[in-house]
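J.: got a sequence here, can you build the structure:
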Amino acid sequence: MKIRFGYVSHAITLWDASPAKTLTFTRYQQMNEQERTEKLLEVTKQNLNHTRRMLYYNLAHEIELYRFSSSIVPLATHPEVLWDYKTPFVAEWQELGELVRKNNLRVSFHPNQFTLFTSPQKKITENAVGDMKYHYGMLEAMGIEQDSLINIHVGGAYGDKEKAVARFHKNLTALPAPIKKIMTLENDDKTYTTEETLAVCEKEGVPLLFDYHHHMANLSEAPLEELLPRVFATWAVRPNLVPKIHISSPKTEKEFRSHADFVDPEFIMPLIILLKEIGQDVDFMIEAKAKDQALLKLVADLSKTRGITRLTGASITIK
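T.: Numbers count the residues shown, from 1 in each chain. Have a look, this model is predicted:
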């Protein structure tokens, strides 16, 4: 059994390498037209350059999983801006895509919590579709949209889960088929349990991206050993991809839902033991605050355990 590890967005080991430099709409409004264009191009170019640095850093450390920042392009979905972020950077986008393809990297996006399809407000659904199109557009610009993922949550319950889920299924019909084809749904830590999210995934034919920390904070009625085989079965629609799992550990017992800086091996060990019993290869996306440093530390910590062998800088095998 093999596990590969990845991290989110920003390798904090690198100096001044954030791929999410921003331009607020307030600042944008204070500029004249030429200044606006120049600033949008400047910030986007910087974020693209920093994303490239991140990919090279990952290659140097044999990290094959990476989640792109959703904030590469400033104000990309703002209704009063909506600018062409592809044409000025054709070469930069293509270079990123080539790095991903050439090195068989597994990459993804995770839009923010406001990208949801359970709202009774039509505008919220329209915004969600727009945000999904933006993320898909970046993947298209890189030429890697067919092999990537865009992960979201089911959304809010609005006081009635049954009605909210019904709205989700209805509202999701507004999402273009090519985008739905690469989307995943994730169980959350307060509202939709793994079991509830599974039911949505199974009905829609999309994979469930299982979050272990969220599961422990928001337990299902069914035990995990019964749920995981169903989770993995949802990935049959993407046969070229092994199932992906989010891992992190609680900041404290009191702040259980908050992510710690690093991942406690003891916290995730029950999951690893269960995966070993099932015999399922998986990819672990680490959502710890220390990002790449948390990844490298966890791999080193786990490789000290009997039966676990470090294969590369960011992968292990378990016997």
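J.: please confirm that residue 230 is located within a helix.
T.: Yes. If the criterion is DSSP: H, G, I helix; E, B strand; the rest coil, then residue 230 is within a helix.
J.: that one against residue 194, yeah?
T.: No. Counting by CB atoms under 8 Å, residue 230 does not reach residue 194; the two are 9.1 Å apart. No exception for glycine: its C-beta is placed from N, CA and C like everyone else's.
J.: looking at these two, which has the bigger crowd around it?
T.: residue 194 (24 against 16; other CB atoms under 10 Å).
J.: so what pLDDT did the residue nearest to the more buried one when sequence neighbours are not counted get?
T.: Nearest residue to residue 194, sequence neighbours excluded (CB to CB, 6 or more residues apart in numbering): residue 187, at 4.3 Å. Looking at residue 187, its pLDDT is 98.
J.: can you get me a residue count around residue 187?
T.: Each residue near residue 187 was counted by other CB under 10 Å, and the total is 29.
J.: tell me the contacts of it?
T.: 193, 194, 196, 197, 198, 208, 210, 211, 214, 215, 218 (CB atoms under 8 Å, 6 or more residues apart in numbering).
J.: so which of the residues you listed belong to strands?
T.: Among these, DSSP state E puts 208, 210, 211 in strands.
J.: between those residues, which is nearest residue 27?
T.: The shortest approach to residue 27 among the ones in strands among the contacts of residue 187 belongs to residue 211, at 34.5 Å (CB to CB).
J.: and that closest one, bridged to which residues?
T.: Per DSSP bridges, the residues bridged to residue 211 are residue 246.
J.: what's near enough to touch it?
T.: Contact partners of residue 211, counting by CB under 8 Å, 6+ apart, are 186, 187, 188, 189, 245, 246, 247, 287.
J.: could you measure from the closest residue in space to the first one that isn't next to it in sequence over to residue 185?
T.: Read that as residue 186. Excluding its sequence neighbours, the residue lying closest to residue 186 (CB to CB, 6+ apart) is residue 209, at 4.7 Å. Distance of residue 209 to residue 185, given as CB to CB, to the nearest Å: 7 Å.
J.: gap between residue 135 and residue 215?
T.: Counting by CB to CB - residue 135 and residue 215 are separated by 25 Å.
J.: also residue 17?
T.: Distance from residue 17 to residue 215, by CB to CB: 32 Å.
J.: which one of these two is surrounded by more residues?
T.: Neighbour count, other CB under 10 Å: between residue 17 and residue 215, residue 215 has more, with 24 against 17.
J.: can you check the pLDDT for the residue lying closest to the more buried one once chain neighbours are set aside?
T.: Counting by CB to CB, 6+ apart, residue 215 lies nearest to residue 194, which is 5.0 Å off, once chain neighbours are set aside. Looking at residue 194, its pLDDT reads 98.
J.: same question, residue 87
T.: pLDDT recorded at residue 87 is 97.
J.: distance of it relative to residue 141?
T.: 9 Å.
J.: what sits against the residue positioned nearest the centre of the chain?
T.: Ranked by distance to the mean C-alpha position of the chain (CA atoms, centre = their mean), the top residue is residue 110 at 3.8 Å. For residue 110, the contact set (CB under 8 Å, 6+ apart) comprises 8, 67, 70, 150, 151, 152.
J.: next, give phi and psi for the closest residue to the second one other than its chain neighbours.
T.: Using CB to CB, 6+ apart and skipping residues adjacent in sequence, the residue nearest residue 67 is residue 8, 4.6 Å away. With angles defined as degrees, to the nearest 10, residue 8 shows backbone torsions of phi -100, psi 120.
J.: what residues are up against residue 307?
T.: 318, 319.
J.: how near is it to residue 270?
T.: Distance, residue 307 to residue 270, using CB to CB: 15 Å.
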